[in-house]
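Engineer: What follows is a protein structure lacking sequence information:
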Ligand code: NOJ
Ligand code: NOJ
């Protein structure tokens, strides 16, 4: 008994500590985060000299790591936060930045780059130079979350302008760029690409989820402004992608696997970011869209957080029911593999979002799926629905709030007194690491703090969705059922009698680099060898021709050939053997 009351006294102190720590930190850090974010936006941001108007630099760090570029993903997430501030009336003075962003993205979409042109996959290019020219170095490309995130930000803005009588600007200036992104998403959501961490080339939970959201919102906007021709197509692909989204769930592990490839545990901040960036308070605790308070998203958060308890020295000795420093994914080795500010803050934000909905609906449900999460905070809690009037509701929501504040307190503990937020903090001693003043870190602080205050982002139509009972056949990424384009490969090659030319490359339709199964070309127009193949549209495909003679295979010289396939249709590729 004595021991128990001592324990609860310790608890209470711990609780008060996390809470006051969070309050004091937020009061100080909020304005710093906002200033830090604005300093990184051109043309007049204090730390973004050289950036065009409306261009968000990822970080002022020019070298080690080189982050003085503009990423479509980071920029869209940053502007999503800015747009929320304007829409909610928190800070209407930010509006000129949004107008600049719109203009910058109108230009950027048209910049031909290593992923292609605007109509042949170029929208999947992850990053550009800050003067809005193409970045041509090697990179993990394409990254298909970018166009989805950008269109989400701009659709939210468009909806706000429609509600405030600005329909002609929406139709004439916003819709054309939104439509380019949505067409890209509709045509390519089921193809593989690099994940948000730019490392794994596969399908990715975050990417699929934001693609779904963009198509869903896009269909509604199109309908609202009379662009009816695209509504059915976007809606069909929204349904298909929502269906596919369900397949990431790992029922035995009780978490959402981040990527379909990559050979990792699959426990990844990707999934927590999904939950906060597709939050819709009107959708309740819907698990199909992975709402923050859904049983699946909470179970997932629990598994994700626990994956970092034993790997970072900064987490040693922290009891299993308290907040810890978390990073991108446990296997991360980038800069030594460390906790990230934006990942730790995302955990807090998801829990604040969940609290908003439980309080709003006046109840909280513990299911078999979420029970391990809740039991870690309130041992022995049973499966059931608890009304706001019950002590269990009070206990659980207080415990969740404390837990959430603990993640903010972790960030507070490892933020230098200047309030500057880098990308990472050291796994051993917590000192800031990697890119300084990461714009995305600042945005993540602003959105987490807003959620703690009970602010909800605009609704996007997640409520009342039905997951198709069977997913459309062949809609899995890379599965070949997506939009395709018919490509005629012609190669000029002189051969000796009995020697033949074949083709293989990086996609299923080109036999995945298999010389044995390579596709035979015909020599009807010798010395032009030719074959027409149906391959995925809007895709970067690598390939080579090979010769086979008496069973011996000869490959063309390096590097691999590359085509960025256009939107559905047909296309002729003329090459000469090398
Ligand atoms: C830079 C990328 O931005 C980062 O996400 C990645 O971890 C490293 N390259 C290593 O691939
Ligand atoms: C590396 C991160 O992995 C990626 O998500 C981000 O877009 C870039 N850094 C730029 O901040």
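Structural biologist: That came in fine, so what should we check first? All values reported here derive from a predicted model rather than from experimental measurement. Residues are numbered from 1 along each chain as shown. Ligands and ions are numbered 1, 2, ... in the order given.

Engineer: Next to ligand 1, which bits of the chain? Give me the list.
Structural biologist: 197, 198, 199, 334 (C-beta under 6 Å from any ligand atom). Placement of C-beta: from N, CA and C, glycine included.

Engineer: in the stretch 201-350 of the chain, which spans are strands?
Structural biologist: 201-202, 249-250, 255-256 (DSSP state E, counting those that start in this stretch).

Engineer: related to what we said a few turns ago, now, the most widely separated pair of the residues of the chain next to ligand 1?
Structural biologist: Across the residues of the chain next to ligand 1, the longest distance by C-beta to C-beta is 9.6 Å; it joins 198 and 334.

Engineer: For the closest residue to ligand 2 within the stretch 401-550 of the chain, which non-adjacent residue is spatially closest?
Structural biologist: Residue of the stretch 401-550 of the chain nearest ligand 2, by C-beta to the nearest ligand atom: residue 440 (5.5 Å). Nearest non-adjacent residue to residue 440, counting by C-beta to C-beta, 6 or more residues apart in numbering: residue 74, 4.8 Å away.

Engineer: That neighbour contacts residue 67, correct?
Structural biologist: No: counting by C-beta atoms under 8 Å, residue 74 does not reach residue 67; the two are 9.2 Å apart.

Engineer: so what sits against both of these two?
Structural biologist: Counting by C-beta atoms under 8 Å, 6 or more residues apart in numbering, the contacts common to residue 74 and residue 67 are residue 58.

Engineer: Wait, a helix at residue 558?
Structural biologist: No: Residue 558: not assigned to a helix; according to DSSP: H, G, I helix; E, B strand; the rest coil it is coil.

Engineer: What's the local residue count around it?
Structural biologist: Residues contacting residue 558 under the criterion other C-beta atoms under 10 Å number 8.

Engineer: what's the answer for residue 407, then?
Structural biologist: Using other C-beta under 10 Å, residue 407 is surrounded by 28 other residues.

Engineer: does it count as helix, strand or coil?
Structural biologist: Going by three-state DSSP, the secondary structure assigned to residue 407 is helix.

Engineer: and residue 502, how many neighbours?
Structural biologist: Neighbour tally, residue 502, other C-beta under 10 Å: 21.

Engineer: pLDDT weak spots in the protein?
Structural biologist: Residues of the chain meeting the criterion pLDDT under 70: 1-17, 473-482, 569.

Engineer: all helices of it, in order?
Structural biologist: For the chain, the helices defined by DSSP state H cover 2-39, 72-87, 95-108, 145-163, 167-169, 175-188, 205-224, 231-245, 269-277, 295-306, 341-361, 371-377, 391-413, 439-452.

Engineer: is it possible to export these to TSV including distance to residue 114?
Structural biologist: TSV is the format used below for those (distance: least, C-beta to C-beta, whole Å):
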stretch	distance to residue 114
helix 2-39	29
helix 72-87	14
helix 95-108	14
helix 145-163	14
helix 167-169	33
helix 175-188	16
helix 205-224	19
helix 231-245	26
helix 269-277	24
helix 295-306	33
helix 341-361	27
helix 371-377	43
helix 391-413	36
helix 439-452	23
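
Engineer: What separation do you get for the closest residue to residue 238 other than its chain neighbours and residue 101?
Structural biologist: Among residues not flanking residue 238 along the chain, residue 215 sits closest, at 3.8 Å (C-beta to C-beta, 6+ apart). Distance, residue 215 to residue 101, using C-beta to C-beta, to the nearest Å: 21 Å.

Engineer: Around ligand 2, which positions in the stretch 351-500 of the chain sit nearby?
Structural biologist: residue 440.

Engineer: Could you rerun that using 8 Å?
Structural biologist: 423, 435, 438, 439, 440 (C-beta under 8 Å from any ligand atom).

Engineer: What about the first one, how many residues nearby?
Structural biologist: So the one you mean is residue 423. 24.

Engineer: shouldn't it be in contact with residue 437?
Structural biologist: No: the pair residue 423 / residue 437 is not scored as a contact, 9.2 Å apart, by C-beta under 8 Å.

Engineer: Surely residue 284 touches residue 465?
Structural biologist: No: assessed by C-beta under 8 Å, residue 284 is found out of contact with residue 465, at 11.5 Å.

Engineer: quick one, which of those two is more surrounded?
Structural biologist: residue 284 (19 against 16).

Engineer: Enumerate every residue touching that one.
Structural biologist: Taking C-beta under 8 Å, 6+ apart, we find residue 284 in contact with 291, 293, 357, 361, 463.

Engineer: again, 7 Å this time
Structural biologist: Taking C-beta atoms under 7 Å, 6 or more residues apart in numbering, we find residue 284 in contact with 291, 357, 361.

Engineer: any idea how far the last one is from ligand 2?
Structural biologist: Relative to ligand 2, residue 361 is positioned 33 Å away (C-beta to the nearest ligand atom, to the nearest Å).

Engineer: What sits closest to residue 393 if chain neighbours are left out?
Structural biologist: Residue 393's closest residue in space is residue 386 (C-beta to C-beta, 6+ apart), at 4.3 Å.

Engineer: Nearest residue to the residue of the stretch 451-578 of the chain found nearest ligand 1 in space, please, no chain neighbours.
Structural biologist: Closest approach between the stretch 451-578 of the chain and ligand 1, counting by C-beta to the nearest ligand atom: residue 540, at 17.8 Å. Spatial nearest neighbour of residue 540, excluding adjacent residues (C-beta to C-beta, 6+ apart): residue 564 at 5.2 Å.

Engineer: wait, the one you found sits on residue 115?
Structural biologist: Yes: taking C-beta atoms under 7 Å as the definition, residue 564 is a contact partner of residue 115 at 6.3 Å.

Engineer: who touches both of those two?
Structural biologist: Shared contacts of residue 564 and residue 115 (C-beta under 7 Å, 6+ apart): 121, 540.

Engineer: between these two, which one's more packed in?
Structural biologist: Per other C-beta under 10 Å, whichever of residue 564 and residue 115 has more neighbours is residue 115, with 24 against 21.

Engineer: Just list the residues touching residue 428, thanks.
Structural biologist: Residue 428 sits in contact with 313, 314, where contact means C-beta under 7 Å, 6+ apart.

Engineer: Run through the residues that contact the residue sitting nearest the centre point of the chain.
Structural biologist: The residue lying closest to the centre of the chain (C-alpha atoms, centre = their mean) is residue 206, at 4.2 Å. By C-beta under 7 Å, 6+ apart, the contact list for residue 206 reads 145, 196, 270, 273, 274.

Engineer: Just give the closest residue to the one residue in the stretch 151-300 of the chain that gets nearest to ligand 2, not the sequence neighbours.
Structural biologist: As assessed by C-beta to the nearest ligand atom, ligand 2 sits closest to residue 197 within the stretch 151-300 of the chain, at 4.2 Å. Of all residues not flanking residue 197 in the chain, residue 328 sits nearest, at 5.6 Å (C-beta to C-beta, 6+ apart).

Engineer: Could you double-check that the one you found lies in contact with residue 340?
Structural biologist: Yes: using C-beta under 7 Å, residue 328 makes contact with residue 340 at a distance of 5.8 Å.

Engineer: Among those two, which residue is more densely surrounded?
Structural biologist: Using other C-beta under 10 Å as the criterion, residue 328 and residue 340 rank with residue 340 on top: 26 against 23.

Engineer: so who does that one touch?
Structural biologist: Per C-beta under 7 Å, 6+ apart, neighbours of residue 340: 327, 328, 423, 424.

Engineer: so which of these comes closest to ligand 1?
Structural biologist: Nearest member of the contacts of residue 340 to ligand 1, counting by C-beta to the nearest ligand atom, is residue 328, at 7.8 Å.

Engineer: which ones are touching the nearest residue in space to residue 324 that is not next to it in sequence?
Structural biologist: Spatial nearest neighbour of residue 324, chain neighbours left out: residue 315 (4.2 Å); criterion: C-beta to C-beta, 6+ apart. Residues in contact with residue 315 (C-beta under 7 Å, 6+ apart) are 308, 309, 324, 325.
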